[in-house]
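Student: let's see this in three dimensions:
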Amino acid sequence: MTTVTLEEAQANLPELIDHLASGEFLVITRNHQPIARLQAEEPPLRKPRKAGSAKGLLTILLEDNNE
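Tutor: Residues are numbered from 1 along each chain as shown. Predicted coordinates:
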């Protein structure tokens with residue numbers, strides 16, 4: 001766990017975010033008291049689904065016309 005002051009976080013936020021490892025968090029303090037926690041996101045378990053990616057994979061052999 002890393003701790004920085006609010007002033008340090010304001011001055012260096014992009015760099016602090018870049019150095020956070022997945023699941024790691026950073027505590028931001030004001031007057032030596034914790035006030036916020038910045039946590040890196042976990043990577044997704046799988047890629048997001050893409051609409052239309054299964055197009056052409058299903059073949060309908062017979063129409064169902066129950067009239």
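Student: which stretches of the protein have low pLDDT?
Tutor: For the chain, applying pLDDT under 70 flags the ranges 66-67.
Student: show me where it has its helices.
Tutor: Secondary structure of the chain (DSSP state H): helices located at 6-18.
Student: for beta bridges, what are the partners of Arg37?
Tutor: Listed by DSSP bridges, the beta-bridge partners for Arg37 are Val27.
Student: that one contacts Leu26, correct?
Tutor: Yes: using Cβ atoms under 8 Å, Arg37 is in contact with Leu26, at 7.0 Å. All C-beta spots, glycine's among them, are computed from the backbone N, C-alpha and C.
Student: these two: which has the busier surroundings?
Tutor: More neighbours surround Leu26 than the other of Arg37 and Leu26, with 19 against 10 (other Cβ atoms under 10 Å).
Student: for that one, give me its contacts.
Tutor: Residues in contact with Leu26 (Cβ atoms under 8 Å, 6 or more residues apart in numbering) are Met1, Thr2, Thr3, Val4, Ala9, Leu16, Leu20, Arg37, Leu38, Gln39.
Student: the second one against Val27, yeah?
Tutor: Yes: shown here, Thr2 and Val27 form a contact pair, counting by Cβ under 8 Å, at 7.1 Å.
Student: roughly how far apart are the residue most central in space within the chain and Gln10?
Tutor: When Cα atoms, centre = their mean is applied to the chain, the residue found nearest the centroid is Glu41 (4.1 Å). Distance of Glu41 to Gln10, given as Cβ to Cβ, to the nearest Å: 21 Å.
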